[in-house]
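Peer 1: I would like to see how this sequence folds:
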Amino acid sequence: MNEEAYTVTVHPPSKKRIAKATVAALIIAAALLVTAVLPAEYGIDPVGTGRLLRLTDLARADAKATEKNAVPDSKSDEPRAAIVPVLQPAPDGGAPTVKGAFIAQSKRYKIDSREMKLAPGEGTEIKYNMKKGAGLIYSWTASDKLLFEFHGEPNVKPAGKEGTDYYETYELDDQLGKDQGHGTFIAPTSGIHGWFWENKTGKEVNLKLVSAGFYDWIFQNVKNKETALKTMDPDVIPSHPKVPDEVLH
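Peer 2: Predicted coordinates:
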């Protein structure tokens with residue numbers, strides 16, 4: 001019996017057909033972006049289809065849900081202890097609104113600048129009395145590495161810890177030590193928040209601390225002597241034109 005062989009020839013699509021298909025796909029994608037994706041996801045409705053199909057309602061509902069979960073009710077007496085920005089697109093395509101980008105304070109901020117000398121084996125403590133949600137910008141530098149703990153003592157202790165020396169640690173380095181620390185801090189609770197430094201170098205170490213923030217007074221513990229210190233008003237800082245401006249550009 002004779003077997004016949006069949007040959008099937010497949011012709012690849014021409015460059016012209018590929019180009020047409022690509023252009024068609026791009027047109028469809030652009031149409032979907034303008035008519036569906038932008039209205040539903042971002043509340044942007046350039047051609048009005050989002051309003052007709054009620055897709056912009058989805059964007060508004062999502063933005064409200066996100067804001068509700070991330071930003072506490074502004075009418076609440078409990079202040080926020082974190083900055084959680086939430087972007088809300090403008091329905092008309094204008095500038096978006098960012099909620100939760102700052103925490104308003106009822107009083108003016110204060111400043112503090114001090115230099116301390118720590119003898120070998122000596123420790124010292126500086127803390128700032130802050131309300132929950134108050135901010136602090138700080139920078140400390142030392143002539144050598146110091147062991148330290150950044151911590152806070154809340155005014156209201158957890159259940160079962162009343163009457164104790166309960167505190168909460170934010171950063172601890174009791175092994176290698178550092179010669180500097182810089183950052184932005186927002187008080188998670190109302191109370192005193194700051195540092196304990198200890199000199200284990202075998203020689204005297206100079207320590208300088210500068211800060212600006214929303215604190216009422218400063219707690220200091222030197223050689224087990226605890227004192228409350230007054231803050232400084234920012235008006236004491238020399239300003240322009242007494243201090244000439246330095247042009248960068």
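
Peer 1: Surely residue 136 touches residue 218?
Peer 2: No: contact criterion CB atoms under 8 Å: residue 136 and residue 218 do not qualify, at 11.4 Å. Placement of C-beta: from N, CA and C, glycine included.

Peer 1: got any residues that touch both of the two?
Peer 2: Common neighbours of residue 136 and residue 218, using CB atoms under 8 Å, 6 or more residues apart in numbering, are residue 128.

Peer 1: center of the chain, which residue is that?
Peer 2: Geometric centre of the chain, nearest residue: residue 83, 5.6 Å, by CA atoms, centre = their mean.

Peer 1: and that residue, helix, strand or coil?
Peer 2: coil (DSSP: H, G, I helix; E, B strand; the rest coil).

Peer 1: Residue 17 too?
Peer 2: Residue 17 ends up helix, using three-state DSSP.

Peer 1: Same check on the one 5 residues further on?
Peer 2: Three-state secondary structure (criterion: three-state DSSP) places residue 22 in helix.

Peer 1: contacting residues for the residue nearest to the centre of the chain?
Peer 2: Each residue near residue 83 by CB under 8 Å, 6+ apart is listed here: 100-103, 186.

Peer 1: Check residue 188 too.
Peer 2: Under the criterion of CB under 8 Å, 6+ apart, the neighbours of residue 188 are 81, 132, 152, 168.

Peer 1: Can you list the low-confidence ranges for this structure?
Peer 2: For the chain, the stretches flagged by pLDDT under 70 are 1-13, 19, 21, 23, 29-30, 32-43, 45-47, 49-51, 53-78.

Peer 1: Break it down into its domains, please.
Peer 2: Domain ranges of the chain: 15-99, 110-234, per automatic domain parsing.

Peer 1: so of these, which one's packed in deepest?
Peer 2: Comparing the domains of the chain by mean neighbour count (mean count of other CB atoms under 10 Å), domain 110-234 ranks first with a mean of 16.

Peer 1: Now find how far off-centre that one is within its chain.
Peer 2: Domain 110-234 has its average C-alpha position 21 Å from the chain's average C-alpha position, going by CA atoms, centre = their mean, to the nearest Å.

Peer 1: Over to it now: how far is its first residue from its last?
Peer 2: 6 Å (CA to CA, to the nearest Å).

Peer 1: again, but for stretch 127-145
Peer 2: Stretch 127-145 has an end-to-end distance of 20 Å (CA to CA).

Peer 1: same thing with stretch 154-166?
Peer 2: Calculated as CA to CA, the first-to-last residue distance of stretch 154-166 is 8 Å.

Peer 1: now do stretch 220-233
Peer 2: End-to-end distance (CA to CA), stretch 220-233: 19 Å.
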